[in-house]
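S.K.: just a sequence and a predicted model for now, questions to come.
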Amino acid sequence: MKLDAKIPKGKLEDKWRNYQATSQLVNPANKKKLNIIVVGSGLAGAGAAATLAELGYDVDCFCYQDSARRAHSVAAQGGVNAAKNYQHDGDSVWRMFYDTLKGGDFRSREANVYRLAELSAPLIDHFTQQGVPFAREYGGVLANRSFGGVQVERTFYARGQTGQQLLLAAYSQLYKMVRSGKVKMHTRSEMLDLVVVNGAAKGIIVRNLVSGEIKRFAGDAVVLATGGYSRVFRLSTLAIGCNGSAIWKAHKKGAYFAAPSFTQIHPTALPQSSESQSKLTLMSESLRNDGRIWVPNKINDQRPANEIPEEERDYYLERRYPSFGNLAPRDIASRAAKERIDEGYGVGRLKNAVYLDFKHAIERLGLDTIKDRYGNLFDMYKKITGIDAYKEPMQISPAAHFSMGGLWVDYELMTTIPGLYAIGECNFSDHGANRLGANSLLQASVDGYFILPNTISNYLASNVSEEHIKTDHPEFEKAEAHVKTQINTILAVNGHRTVDDFHRELGKIMWKECAMSRNKNGLEKAIREIEDIKDSFWKEIKVTGNQNEFNTELEKALRLVDFIEIALLMCKDALAREESCGAHFREEYQTQEGEAVRIDEKYAYVSAWEYVSGDFKLHKEALNFEYQKPTIRSYK
């Protein structure tokens, strides 16, 4: 298959307008005849389901949580970017486009990135009209703050709970359409397979997580809005239930998987405290606006932080990256922390953290200002650690967070399977090799509210007169039988190892060999070890209970089967890309100062992997930089 990104013609700033002017439309009478399946109810999924229903389509929306309000978008804290230039500090759509392209180390499409920046300003108006309580200046104007990787203030926020407030707005719009009968909401329902008929996506197989019942659902198009896959590391900032199963099932049915090794390590999470821990807690990157990151100058310094004088502190980000300092991009800040920790300068009980200190900010701005900006984050920190961060520094550590990789999609957000769309974090499209902070909520929202509703009609317009596939089609029966066989096989093993035991082993391998830094020998070793885990899983897994009940162990086992295969592809993708770019840092390709060495003449492409009978075949989408030539990514 030849990869066609379907990028519209014209100048960069005209492409989205040109696309909309020439795309096909579906008239209101025909929209009533069409049904769209949306899997996921976070910002991308809820926004898409609500907007498509408002347009007149019938929508079935699925989530595995007990309420759409519990989608993981709720956990985003710091803010959402938009190029409104309220601060008159030189911001513009073009500057935001450049910051995002550069932040992703020139491994994303220009057209997609520009559209993201272009739609950011109307998105803020959209959410303000929905009642999102963004922070405001004294005069009533919406407030802004900085985030990593930029030198302007373009991040709109609602204290430290921006994701929650945006999700509540999306949820209200979604349930308005549920009440109207245009959206049918299916909670506690997990997609276990995609149904493809004559090469096109026509439905899904779902398991009711309460009763265990397997159901079939047919649609004229399927939209995946299922988030990222960084729980492959086990310990991450993601909720326990977050998984990559929906996109992996689609991958195995023909959807190419793009840039799987591009996963982000967030620099400001709470450090791991024990072996039995199941997840890590994110502390918003917004804290880096006013907090200063440092470690002691002395290796294995045992003194309390407040007893270490200024002259014996190493503010290493300010020292290494003076232009951006503590606002260096996430990948750079995380690797810098890892380097200090590995060299023996780590702090905390396990020596696996660095300090995030607000002493100087409180002296400069006053305690009330810091409380107003970050109070709920400080409260959360104290509740978890027992430490008052107004009086002594926070301890933070890098943690697995966001996945820039995901299903390959074209400009319309359609995958390589006609009729199957991927929106939000589960596609690869906008962030390249590293996501800038506060662009996650932005991408999820514009994909769901603004882009997909305009692009899906181009596909559906030519399908209105086609026969509407029903769930009695043989492909549905075949997919359901496959799901049941897999469940029965897992339950029948009756081994002696738990799902968590396997996942813990997988996570340690991935964190060591395919996280903040990678090398050829480590990746080859990881592939061998993951293959061994895969073999052992099917011989030694122990899942108690049965399939016809609420069974969380079975849920976790089904997801782990997919995580193991995702991990293999991540390592193979990282092995094939012999350069360093963004979050993908190959130790063989770095400067003497430890900075990434990107090789544009060989690797300026999106790696798109095809699943072929248990193995993976690489396809390349060349990245053509017509409007912004790649430069050395320096934040010094």
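M.R.: Great, that's in hand. Residues are numbered from 1 along each chain as shown.
S.K.: which residue sits closest to residue 195, ignoring its sequence neighbours?
M.R.: Leaving aside its sequence neighbours, residue 195 sits nearest to residue 203 (CB to CB, 6 or more residues apart in numbering; 4.0 Å). Every residue, glycine included, has its C-beta placed from N, CA and C.
S.K.: next SSE after the helix or strand hosting the one you found?
M.R.: Assigned by DSSP states H and E, residue 203 belongs to strand 200-208. For strand 200-208, the succeeding helix or strand toward the C-terminus, using DSSP H and E, is strand 214-218.
S.K.: that following strand: partners in the sheet, and parallel or antiparallel?
M.R.: strand 200-208 (antiparallel) (DSSP bridges).
S.K.: can I get the partner strand as CSV, trimmed to CA atoms?
M.R.: As requested, the backbone C-alpha atoms of strand 200-208 are provided in CSV (Å, rounded to 0.1, in the frame of the first residue of the first chain):
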residue,chain,number,x,y,z
ALA,A,200,-13.5,-1.2,5.3
ALA,A,201,-14.2,-0.8,9.0
LYS,A,202,-17.8,-1.7,9.7
GLY,A,203,-18.1,-2.5,13.4
ILE,A,204,-16.6,-3.7,16.6
ILE,A,205,-16.8,-6.6,19.0
VAL,A,206,-17.3,-5.5,22.6
ARG,A,207,-17.2,-7.2,26.0
ASN,A,208,-19.5,-6.0,28.8
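S.K.: ok now that strand, how far from the chain's centre?
M.R.: 23 Å (CA atoms, centre = their mean, to the nearest Å).
S.K.: number the chain from 15, please
M.R.: Happy to do that; since the first residue is 15 now, the last one works out to strand 214-222.
S.K.: and the contacts of the strand holding residue 217?
M.R.: For strand 214-222, the surrounding residues in contact (CB atoms under 8 Å, 6 or more residues apart in numbering) are 51, 53, 76, 200, 202-211, 227-236, 264, 431-434, 483, 485, 487, 489-490, 493-494, 497.
S.K.: sorry, back to before: gap between the residue nearest to residue 209 and residue 522?
M.R.: Going from residue 217 to residue 522 by CB to CB, to the nearest Å gives 38 Å.
S.K.: which one's more surrounded, the two?
M.R.: residue 217 (26 against 15; other CB atoms under 10 Å).
S.K.: pLDDT score for that one?
M.R.: pLDDT, residue 217: 98.
S.K.: show me what it is bridged to.
M.R.: Residue 217 forms beta bridges with residue 209, residue 232, as assigned by DSSP bridges.
S.K.: okay, buried residues for stretch 160-179 please.
M.R.: Counting neighbours by 16 or more other CB atoms under 10 Å, one finds that the buried residues in stretch 160-179 are 160-164, 166-179.
S.K.: can I get stretch 412-430 as PDB, trimmed to CA atoms?
M.R.: Output in PDB follows, covering the C-alpha atoms of stretch 412-430 (Å, rounded to 0.1, in the frame of the first residue of the first chain):
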ATOM      1  CA  PRO A 412      10.900  11.300  35.200                       C
ATOM      2  CA  ALA A 413       8.000   8.900  34.400                       C
ATOM      3  CA  ALA A 414       6.500   7.400  31.400                       C
ATOM      4  CA  HIS A 415       3.700   9.600  30.200                       C
ATOM      5  CA  PHE A 416       2.500  10.400  26.700                       C
ATOM      6  CA  SER A 417       2.800   8.400  23.400                       C
ATOM      7  CA  MET A 418       3.500  10.400  20.300                       C
ATOM      8  CA  GLY A 419       3.300   7.300  18.200                       C
ATOM      9  CA  GLY A 420      -0.100   5.700  17.300                       C
ATOM     10  CA  LEU A 421      -2.100   4.600  14.300                       C
ATOM     11  CA  TRP A 422      -0.900   6.200  11.100                       C
ATOM     12  CA  VAL A 423      -3.500   8.600   9.800                       C
ATOM     13  CA  ASP A 424      -3.700  10.900   6.800                       C
ATOM     14  CA  TYR A 425      -4.700  14.600   6.800                       C
ATOM     15  CA  GLU A 426      -8.300  13.500   7.300                       C
ATOM     16  CA  LEU A 427      -7.400  11.500  10.400                       C
ATOM     17  CA  MET A 428      -8.300   8.200   8.500                       C
ATOM     18  CA  THR A 429      -6.100   5.200   9.000                       C
ATOM     19  CA  THR A 430      -5.000   2.800   6.300                       C
END
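S.K.: just to revisit the earlier point, return the subset of the buried residues of stretch 160-179 lying in helices.
M.R.: 176, 177, 178, 179 (DSSP state H).
S.K.: coming back round to it: in ChimeraX, how would I select the buried members of the contacts of strand 214-222?
M.R.: A single ChimeraX command selects the buried members of those (16+ other CB under 10 Å):
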select :51,53,76,200,202,203,204,205,206,207,208,209,210,211,228,230,231,232,233,234,235,236,264,431,433,434,483,485,487,489,490,493,494,497
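S.K.: just the ones of the contacts of strand 214-222 in helices?
M.R.: Using DSSP H, those in helices are 264, 489, 490, 493, 494, 497.
S.K.: among those, which one sits closest to residue 371?
M.R.: residue 264 (44.8 Å; CB to CB).
S.K.: what about the nearest residue to the closest one once chain neighbours are set aside, distance to residue 487?
M.R.: Nearest non-adjacent residue to residue 264, counting by CB to CB, 6+ apart: residue 208, 4.9 Å away. Residue 208 is 14 Å from residue 487, where distance means CB to CB.
S.K.: state the distance from the closest residue to residue 334 other than its chain neighbours to residue 319.
M.R.: Computed as CB to CB, 6+ apart, the closest residue to residue 334 that is not its neighbour in sequence is residue 350, at 6.4 Å. Look at residue 350 and residue 319: by CB to CB, they are 19 Å apart.
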